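Asker: Pasting the sequence and the predicted coordinates here, then a few questions.
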Amino acid sequence: MRWLVLLSLMLLSLPLAGQTLYPEEEKEGFISLFNGKNFDGWDIIGDKDAWQVKDGLIVCNGKGSGWLKTKWEFDDFIFRFEWRIKKGGNSGFFFRALPVADPWVNGFEVQILDDGGQIGLTNCGAIYGLAAPKTNPVKSGEWNSYEIRAIGERVQVYFNDSLVHDLDLSANPEMAKRPKRGYIGLQNHGDYVEFRNLRIKEVGFQWLFNGKDLSSWKTEGAGEWLVQPDGVLHYTGKGTHLWTKESFRNFVLRLEWRIEKGGDSGIYLRGDAAGRAQVNIWENPMGSGQIWGYNIAPKKRMDAPTGEWNYMEILMVGNKVSVWLNGEWVIEGAELKGVAPEGPIALQHHGTPLWFRNIRVKVLP
């Protein structure tokens, strides 16, 4: 792997920008996790005024403390980004972290520190408090790069193109008990730090909607499902359901959706055109996530304010379904008696405008 060399050559021919996704990475399945404009897709934990978007960069000005976390939880992934910190500065990259004030205790932190290249459990490149890096090639006052590969029990960290960690988490009792899934985040440690080019590949997932076309969907009669220039799939409220070409048995489906006041839609599972095996998306006091035809209600309402993006995951294994919405499992292991063993997935037409993005699926055994 020599992606850093390729990236450096490309940067020489491009104007300064805080967020770039190159064609080679896009083909590999990477997406940008930061749009270069605002914190869409992120939450600020702690001091809100500490985080800014400036010239396409994520900037932490060092006020107070806390962290910037993704709205999505991730388990197996490859994450790439660059960071630059002032002399003597301290920050960190969190992964598989819980949404608490001290994510380095219950998750993992890759240390970011201007320390002159020292090697230890708390130095730059360390898995903070757990594993020292093999080497510390930190470049003081310059852009540095990290690539973190977290796949099952194996974690690899590349620091400025050098492999500094290749760990088996199961071999270390403290690491083994840390979460296998959680949030990604950037730390506010009270120092000024900049971040750019945040890209992620969710290992094992395939794109159902790539932000460009409807090549994975049956488009006959689906002329009211429109791909917008910003990569969002917009449904006008007229027409019919949108079905995948492929059928699925056991899977994880992740997608982001947005509705207007009075909006109503759903996700049809296993080809159930009658809508019994449907995960509801709607503006309702009950909240989204209800399994409509089985009258299984979500444990709590977790919908974002109307008009804002929601983050939903549907886990379907056998005849049981679980639904994660905006940070909570609102349905867990609900049994769908009589559900088909396999079938396509659909985005429901219910006569109201809808917006979807980042639709992807992971096939399970």
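Answerer: Noted; the coordinates are in hand.
Asker: surely Gly89 meets Val193?
Answerer: Yes. If you go by Cβ atoms under 8 Å, Gly89 and Val193 touch, sitting 5.9 Å apart. C-betas here are computed from N, CA, C, even on glycine.
Asker: Between these two, which is the more surrounded one?
Answerer: Taking neighbours as other Cβ atoms under 10 Å, Gly89 and Val193 compare with Val193 leading, 24 against 21.
Asker: who's that one bridged to?
Answerer: Cys60, Ile85 (DSSP bridges).
Asker: what sits opposite Leu163 in the beta ladder?
Answerer: Here Leu163, judged by DSSP bridges, has bridge partners Tyr158.
Asker: about what we covered before: which residues are common contacts for Gly89 and Val193?
Answerer: By Cβ atoms under 8 Å, 6 or more residues apart in numbering, Gly89 and Val193 have these common neighbours: Ile112.
Asker: Which strand or helix spans Glu26?
Answerer: Take DSSP states H and E as the rule and Glu26 turns out to sit in helix 23-28.
Asker: Ignore what I typed, I meant Trp72.
Answerer: Counting by DSSP H and E, Trp72 is found in strand 66-74.
Asker: quick one: average confidence on that strand?
Answerer: Average pLDDT, strand 66-74: 98.
Asker: which secondary structure elements does the next helix or strand after the helix holding Glu26 contact?
Answerer: Next helix or strand after helix 23-28 toward the C-terminus (DSSP H and E): strand 31-32. Other helices and strands packing on strand 31-32, by 3 or more Cβ pairs under 8 Å, 6 or more residues apart in numbering; DSSP states H and E, are strand 193-202.
Asker: Quick one: list the elements packing against the strand it packs on.
Answerer: helix 23-28, strand 31-32, strand 57-60, strand 77-85, strand 182-188.
Asker: partners of the second one, with directions?
Answerer: The partner list of strand 31-32 in its sheet, established with DSSP bridges, is strand 193-202 (antiparallel).
Asker: Give the residue spans of the stretch 1-150 of the chain that score low on pLDDT.
Answerer: Scanning the stretch 1-150 of the chain with the threshold set as pLDDT under 70 gives 1-18.
Asker: coming back round to it: so what touches the strand holding Trp72?
Answerer: 33, 39, 41-47, 50-51, 58, 60, 94-97, 99, 101, 103, 150, 181-188, 200, 202, 254, 309, 311, 324, 326-327.
Asker: Helices along the chain, start to end?
Answerer: Under the criterion DSSP state H, the chain contains helices at 3-12, 23-28, 103-106, 173-176.
Asker: For the second one, buried residues please.
Answerer: Judged by neighbour count using 16 or more other Cβ atoms under 10 Å, the buried positions of helix 23-28 are Glu25.
Asker: Which neighbouring elements make contact with it?
Answerer: Using 3+ Cβ pairs under 8 Å, 6+ apart, helix 23-28 sits against strand 193-202.
Asker: one step back: could I get the buried residue list for the strand holding Trp72?
Answerer: Gly66, Trp67, Leu68, Lys69, Thr70, Lys71, Trp72, Glu73, Phe74.
Asker: Over to stretch 326-333?
Answerer: So stretch 326-333, judged by 16+ other Cβ under 10 Å, has buried residues Asn326, Trp329, Val330, Ile331.
Asker: Is it possible to get a markdown table of the helices and strands packed on strand 193-202 that adds distance to His234?
Answerer: Below are the helices and strands packed on strand 193-202 laid out as a markdown table (distance: least, Cβ to Cβ, whole Å):
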| stretch | distance to His234 |
| --- | --- |
| helix 23-28 | 22 |
| strand 31-32 | 19 |
| strand 57-60 | 28 |
| strand 77-85 | 28 |
| strand 182-188 | 28 |
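Asker: Closest to Ala126 out of the buried residues of strand 66-74?
Answerer: Trp67 (17.5 Å; Cβ to Cβ).
Asker: who's that closest one bridged to?
Answerer: Ile45, Gln187.
Asker: Could you report the distance from the residue nearest the centre of the chain to Gly338?
Answerer: For the chain, the residue nearest the mean C-alpha position is Trp72 (4.3 Å; Cα atoms, centre = their mean). From Trp72 across to Gly338, the span is 32 Å (Cβ to Cβ, to the nearest Å).
Asker: Could you do Asn295 as well?
Answerer: In terms of Cβ to Cβ, Asn295 sits 14 Å off from Gly338.
Asker: Before I go, just wanted to say thanks for your time.
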